[in-house]
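In: need a 3D model of the following:
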Amino acid sequence: MSPGGVNFSVFSRHATGVQLLLFDAADDTKAARVVDLDPSTNRTYYYWHVFVPNVRPGQLYGYRVDGPLDPSSGLRFDATKVLLDPYGRGVTVPERYNRDAACWPGDNATTAMKSVVVDVSAYDWEGDAPLQRPSSQTIVYEMHVGGFTRHPSSGLPEKTRGTFAGLIEKIPYLQRLGITAVELLPVFQFDRQDAPPGL
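Out: Sure, this is the predicted structure:
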């Protein structure tokens, strides 16, 4: 984010062409606006970049990237596919999301995840700051909130089992264990098709 717009940038050593697609909604079949990146003015070394004025937080976008199709060399460019921004801070999933559509011939705009412009400077940390604890004195407990608090053996009231409120109630227990940091998994949008049904 910059005053007046957004500088979009993506790395590709082998791309021969890049389009930035701006969408109005996650389920749109076509981009509301397409920005063709000129390799002579919108590429610096292997970085393709373009400043787009008047783009605001919440804007949905993706890329189409053209280049060689040579699977034996690991190159699988397909300019008909909408790609996420690998540097993006936000993702949205359309109602008709289908990860397999990325492998089918033709356009996948309707079924592809889209990146979302996020203004990270706008987040209010409410005075929170890093604790500055040396890593040699840090004990990290990695957990899924639901898995840690959902079962009756958690000792939590049924109302707070499987919730962030339940996790807060378990902080004294974690402190007694000597835990100094908790890493929560997952607390963001993820592809449910990554795991078999029932997990």
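In: all strands of this structure, in order?
Out: 5-11, 17-23, 33-37, 43-44, 47-53, 60-66, 69-70, 75-76, 90-92, 114-116, 140-143, 181-184 (DSSP state E).
In: what pLDDT, on average, does stretch 34-51 get?
Out: Regarding stretch 34-51, the rounded mean pLDDT is 97.
In: of all the strands of the chain, which lies closest to G106?
Out: strand 60-66 (12.4 Å; CB to CB). For every residue, glycine as well, the C-beta is placed using N, CA and C.
In: and the closest one, what does it pack against?
Out: If you count contacts as 3 or more CB pairs under 8 Å, 6 or more residues apart in numbering; DSSP states H and E, strand 60-66 packs onto strand 5-11, strand 17-23, strand 114-116.
In: what's the second one in contact with?
Out: So the one you mean is strand 17-23. 8, 10, 12, 31-37, 39, 42, 48, 50, 52, 55, 59-67, 79, 82, 109, 114 (CB atoms under 8 Å, 6 or more residues apart in numbering).
In: what does the first one give?
Out: For strand 5-11, contacts defined as CB under 8 Å, 6+ apart pick out 18, 20, 46-55, 59, 61, 63, 65, 85-87, 117.
In: kind regards, and thank you for your time.
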